[in-house]
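Trainee: no sequence on this one, just coordinates:
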């Protein structure tokens, strides 16, 4: 099924020539860009999927001191939630007026392919994601060094990797504070940790 979406004759010839390794390299570039932008507190919109951002929150540490932590969030596109009747603890991305887009030209240069090939790769992957949702298949989108978006049945979760959270927050104490917030918060919302 997955190969069908990429190999049908009606698809653009450039996308047919891409190997699995090239798809992986393009998505690795997208993951690096996402990680870099989130480290700079820039929100990133992935076309056809949703928006990643980092919010700063004051939370109590183990020592009961108030500390400011950087917590990544993901907002799944509303039309995906609605069209596929997903159970999703929706969160708005507060304080972000500007959203970065994936840099297709940079990703193309990094991978020695055309910009249109990168754009088609992203579009076809999002199409495959939606087909999986339509067919009620469990699916995971992996963002290397960032986390995984997991859809199981109707339940949606965005799980950020501990190493990524540590990079955002700098110290183990701050990491522990954000993990405690995430764990208590996740009891009510399915999209975090």
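Mentor: The structure has been received and is ready for your questions. Since the model is a prediction, treat every value here as computed from it, not as a measurement.

Trainee: Please read off the pLDDT at the residue lying closest to residue 149 once chain neighbours are set aside from the model.
Mentor: In space, and not counting its chain neighbours, residue 149 is closest to residue 141: 4.4 Å by Cβ to Cβ, 6 or more residues apart in numbering. C-beta coordinates here come from the backbone N, C-alpha and C atoms, glycine included. Turning to residue 141, the model gives it a pLDDT of 93.

Trainee: swap in residue 172?
Mentor: For residue 172, pLDDT reads 68.

Trainee: and the helix or strand containing residue 122, how far from the chain's centre?
Mentor: For residue 122, the host element (DSSP states H and E) is helix 115-134. Mean-position distance between helix 115-134 and its chain equals 14 Å (Cα atoms, centre = their mean, to the nearest Å).

Trainee: Equivalent analysis for stretch 102-116, please.
Mentor: Taking mean C-alpha positions (Cα atoms, centre = their mean), stretch 102-116 and its chain are 19 Å apart.

Trainee: Would you mark the buried spots in that stretch?
Mentor: By neighbour count on 16 or more other Cβ atoms under 10 Å, the buried set for stretch 102-116 is 102-104, 107-108, 110-111, 113.

Trainee: taking the residues you listed one by one, which sit in helices?
Mentor: 104, 107-108, 110-111 (DSSP state H).

Trainee: For those residues, give me CSV that also has pLDDT.
Mentor: Shown next, in CSV, are those (pLDDT from 0 to 100):
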residue, pLDDT
104, 95
107, 95
108, 94
110, 93
111, 92
